[in-house]
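Novice: here is my input; please provide its structure:
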Amino acid sequence: MTTEPQRLQYLEAMGVTAWVARYQLPNARLTEVCEWPLPEQQHETAAPAERLHALLDEAEAAPQRPATPDIILPTRGTAPRRARELLGLAAGEDAQGPDHAAGQGTAETPQPLQEPLRFALQIACVAQRWLIVLPGGTEPEAIEQQLLDNLLQSEGIGSHAGFAFESFRWPLIEGQSVEAPQEEARAGLRAFIEGTHRRGWVPERLLLFGTSAALEPLGLAENGADWMGLPVWQGPALAELAHSAEAKRALWPTLLKWRQQWQGDTPEPDTADA
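Specialist: Numbering: from 1, shown residues only. This next block holds a predicted model:
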């Protein structure tokens with residue numbers, strides 16, 4: 001078992017600052033009183049990775065404590081070896097240590113860092129059930145919002161209380177490169193959607209009005225968004241619907257399907273609608 005002083009030394013050697021409470025919180029258990037040995041002088045001048053390797057060597061060289069018949073202790077040195085593997089991976093070395101470097105294989109080469117995907121979405125939720133997603137960093141214009149309200153209310157979807165859009169931008173923090181831009185952007189959007197559950201949202205379907213070149217790498221489109229875990233419909237942008245009578249007429253069959261889906265009576269797909 002790794003002692004608390006040894007654990008803190010590991011963290012310090014890896015450059016991780018450990019914070020210890022100065023004051024006792026109400027009803028908190030008292031901190032165990034013990035002596036904290038100071039690190040040796042030669043360790044203080046060494047690099048963090050060198051100090052960590054030295055600590056791992058000391059742990060592996062320590063004698064194994066005998067196990068009683070009723071208690072089975074883990075093999076001494078397992079944790080240090082695992083820590084050494086992780087340290088080797090972080091440094092780009094062999095993941096199996098020096099014994100494995102004789103020709104049994106090497107660790108995978110880290111992927112090169114890339115620029116993150118950049119996009120902005122306007123997201124709303126109809127009656128806490130259906131997500132409305134619009135590409136872009138600004139809310140829809142009043143005429144577009146009114147058109148969307150009229151379309152949904154004509155099929156009994158939602159309520160007259162309306163809904164409000166909120167912005168989602170990616171990346172959340174600028175100036176940082178990533179290894180997998182698409183996967184990290186998808187994970188960020190899923191985390192945002194899952195976080196809305198605390199506000200009562202229970203998304204069942206996603207309606208995407210319009211698209212943009214910035215969204216293409218994300219794969220947020222009909223028949224290509226299985227990673228969202230929601231059925232996705234993609235159609236024309238609200239601006240196109242607001243100014244095109246032909247686009248409105250083409251949307252009428254889809255509105256009928258939406259009514260059936262909203263009521264929970266989803267019909268089986270047929271070839272005539274394909």
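
Novice: quick one: low-confidence ranges for the chain?
Specialist: Low-confidence segments of the chain (pLDDT under 70): 1-17, 20-25, 31-109, 159-161, 222-225, 265-274.

Novice: in it, where's the longest strand?
Specialist: Identified as the longest strand of the chain according to DSSP state E is strand 119-126.

Novice: that strand packs against which elements?
Specialist: With contacts defined as 3 or more C-beta pairs under 8 Å, 6 or more residues apart in numbering; DSSP states H and E, the packing partners of strand 119-126 are strand 130-135, strand 166-170, helix 181-195. Glycine gets a C-beta too; all of them are placed from N, C-alpha and C.

Novice: run through who's touching the longest one.
Specialist: Helix 181-195 is touched from outside by 114-117, 119, 121, 123, 131, 168, 170-172, 178, 201, 203, 217-220, 227-229, with contacts defined as C-beta atoms under 8 Å, 6 or more residues apart in numbering.

Novice: and the protein, what are its domains?
Specialist: Residue ranges for the domains of the chain, per automatic domain parsing: 1-18+33-60+79-91, 119-262.

Novice: start to end distance for the last one?
Specialist: Going back to what we said before, that points to domain 119-262. Its first and final residues considered, domain 119-262 spans 29 Å by C-alpha to C-alpha, to the nearest Å.

Novice: what comes up buried for stretch 191-210?
Specialist: Using 16 or more other C-beta atoms under 10 Å as the burial criterion, the residues of stretch 191-210 that qualify are I193, T196, W201, P203, R205, L206, L207, L208, F209, G210.

Novice: ok so, going back, tell me which of the helices and strands packed on strand 119-126 is the most buried.
Specialist: When neighbours are counted by mean count of other C-beta atoms under 10 Å, the highest per-stretch mean among these falls to strand 130-135, a mean of 21.

Novice: can you check what angle separates the longest strand of the chain from strand 130-135?
Specialist: When axes from the mean of the first three to the mean of the last three C-alpha atoms, to 10 degrees is applied, the directions of strand 119-126 and strand 130-135 differ by 150 degrees.

Novice: partner strands of strand 119-126, parallel or antiparallel?
Specialist: With DSSP bridges as the criterion, the sheet partners recorded for strand 119-126 are strand 130-135 (antiparallel), strand 166-170 (antiparallel).

Novice: before we move on, back to that, would you list the buried residues of stretch 191-210 in a markdown table and tack on secondary structure?
Specialist: Conversion of the buried residues of stretch 191-210 to a markdown table gives the following (DSSP: H, G, I helix; E, B strand; the rest coil):
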| residue | secondary structure |
| --- | --- |
| I193 | helix |
| T196 | helix |
| W201 | coil |
| P203 | coil |
| R205 | strand |
| L206 | strand |
| L207 | strand |
| L208 | strand |
| F209 | strand |
| G210 | coil |
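
Novice: E155 contacts L255, doesn't it?
Specialist: Yes - contact between E155 and L255 holds when scored by C-beta atoms under 8 Å: they sit 5.2 Å apart.
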